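Enquirer: return atomic coordinates for the entry below.
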Amino acid sequence: MPVIGLAVLALASLAGWLGVLLGTARAWDLRPTAEDEPPPPEPARWPSVAVLVPARNEAEVLPSTLPALLAQDYPGAWHLVLVDDRSTDGTAAAARACGVDPVPGTGLPEGWVGKVWALEQAARQAGEPDYYLLTDADIRHGPDSLRRLVAEGEAAGLALNSRLARLRCLAPAERLLIPPFVLFFGLLYPMRRVNDPASRVAAAAGGCVLVRRHMLDRAGGFAAIRDRVIDDVSLARAVKRLGAPIRLAVSRSAVESLRPHGFRGIWRMVRRTAFTELRHSWALLALTLGLLLLMFPLPPALTVVGFASGSPLTGAAGAAAWALTTALYLPTVRYFRLNPAWALTLPLAGCLYGAITLDSALRSSRRAAS
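Expert: As a prediction, this is how the structure comes out:
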């Protein structure tokens, strides 16, 4: 490629990261987390809550997460409904050992996805509470998690209040790929815009969602999202379309996922929804892969190529883009309490996420053709 072309690519990458830095969404900034903010005033009357837990093959984590959930310091009436979603690993026995009698899940009806169907079955057993708390079986809640979620919802009149749980980040694969996952989530769904009633951006984190029951009913209930693989974002969109305020915040420690992720596990987790996120559009796939290439591996590559080939503009623009990439990734690295040197791995992670997204599209195409 001519030198001028390389310089244009380097400047385009730098412009992209400057847009992320200067954009009003501040998608890279995870502060303040939910626990950093002062506690909201407590309501005069604590509303009733039903905690809905879909559990499929969760026997390993339930002994750690379920007792914490049962120990909630919530002053109002609340109860828990756990649906054993056709598990094969002793999930039901693990729940009973923790003092919870699970609801046996039934076969998946046509047109429903598994988790949403499990939530629907749990809701049918839950009566008519003021709120549902939807929480995954691998999520460990701090003792005041439910209390704070409800107090925030009551104080701000929220229809939906969600926490992005702190994900496990211990193994090398987790340290390489989990922080970028949080960064990319923020870039796709900037929380400042999610929380802005005037913005159409809506999102939730499915591991922890508090939703008013009557608002969920107005949105069509779980049946309205029965076929949605990305059920949490779909639920948030359905509720926000009603004109009701919603909130999404990052949790530092009060809501955390205990699920371990190896490299293959993370690959499968992202692959499951990546092409769906792109609305199964090959044009959007091409645009996404091009942007990932431009924003992540190209800055360091152009830094080396530019200076090595005697093109100071290319080298300087590539170095500036790479430095800005690293600086904007640092807040996420610090959130996970990792060595700052991990910020230098973002270009590699960006390449891997591009490969996962392409794999998701190819597998989807093969399924459609079969």
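
Enquirer: in the stretch 151-300 of the chain, which spans are helices?
Expert: Secondary structure of the stretch 151-300 of the chain (DSSP state H, counting those that start in this stretch): helices at 172-188, 191-194, 213-218, 231-240, 263-277, 282-295, 298-308.

Enquirer: to A50, which of these lies closest?
Expert: helix 213-218 (8.0 Å; CB to CB). Every residue, glycine included, has its C-beta placed from N, CA and C.

Enquirer: on contacts alone, who are the packing partners of that closest one?
Expert: If you count contacts as 3 or more CB pairs under 8 Å, 6 or more residues apart in numbering; DSSP states H and E, helix 213-218 packs onto strand 131-135, helix 231-240.

Enquirer: could I get those as JSON lines with mean pLDDT, mean neighbour count and distance to E152?
Expert: Converted to JSON lines, the helices and strands packed on helix 213-218 look like this (pLDDT from 0 to 100; neighbours: other CB atoms under 10 Å; distance: least, CB to CB, whole Å):
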{"stretch": "strand 131-135", "mean pLDDT": "98", "mean neighbour count": "25", "distance to E152": "12"}
{"stretch": "helix 231-240", "mean pLDDT": "97", "mean neighbour count": "23", "distance to E152": "15"}
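
Enquirer: what would these look like in JSON lines with distance to S257?
Expert: Formatted as JSON lines, the helices and strands packed on helix 213-218 follow (distance: least, CB to CB, whole Å):
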{"stretch": "strand 131-135", "distance to S257": "11"}
{"stretch": "helix 231-240", "distance to S257": "14"}
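
Enquirer: and R268, how far is that from L177?
Expert: 12 Å (CB to CB, to the nearest Å).

Enquirer: and the two? Which one has more around it.
Expert: Neighbour comparison, R268 and L177: the larger count goes to L177, with 24 against 14 (by other CB atoms under 10 Å).

Enquirer: surely the more buried one meets A349?
Expert: Yes. Using CB atoms under 8 Å, L177 is in contact with A349, at 5.8 Å.

Enquirer: okay, which residue is most central for this protein?
Expert: Per CA atoms, centre = their mean, the C-alpha nearest to the average position across the chain is that of A205, at 4.6 Å.

Enquirer: give the contact list for that residue.
Expert: 162-165, 232, 248 (CB atoms under 8 Å, 6 or more residues apart in numbering).

Enquirer: which among these gets closest to E37?
Expert: R163 (12.3 Å).

Enquirer: what's the burial count for that closest one?
Expert: By other CB under 10 Å, neighbour count at R163 equals 28.

Enquirer: residues contacting it?
Expert: Each residue near R163 by CB under 8 Å, 6+ apart is listed here: 34, 145, 149, 205, 207-208, 248-251, 254-255.

Enquirer: take these and write them to a markdown table, including pLDDT.
Expert: Formatted as a markdown table, these follow (pLDDT from 0 to 100):
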| residue | pLDDT |
| --- | --- |
| A34 | 85 |
| S145 | 96 |
| L149 | 97 |
| A205 | 96 |
| G207 | 95 |
| C208 | 97 |
| L248 | 97 |
| A249 | 95 |
| V250 | 95 |
| S251 | 95 |
| A254 | 90 |
| V255 | 95 |
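
Enquirer: pick the one among those residues closest to A173.
Expert: G207 (19.6 Å).

Enquirer: for the record, mean pLDDT for stretch 275-285?
Expert: Stretch 275-285 shows a mean pLDDT of 96.

Enquirer: stretch 348-364 now?
Expert: The model assigns stretch 348-364 a mean pLDDT of 97.

Enquirer: so how far is that stretch from its chain's centroid?
Expert: 17 Å (CA atoms, centre = their mean, to the nearest Å).

Enquirer: buried ones in that stretch?
Expert: By 16 or more other CB atoms under 10 Å, the buried positions in stretch 348-364 come out as 349-350, 352-354, 356-361, 364.
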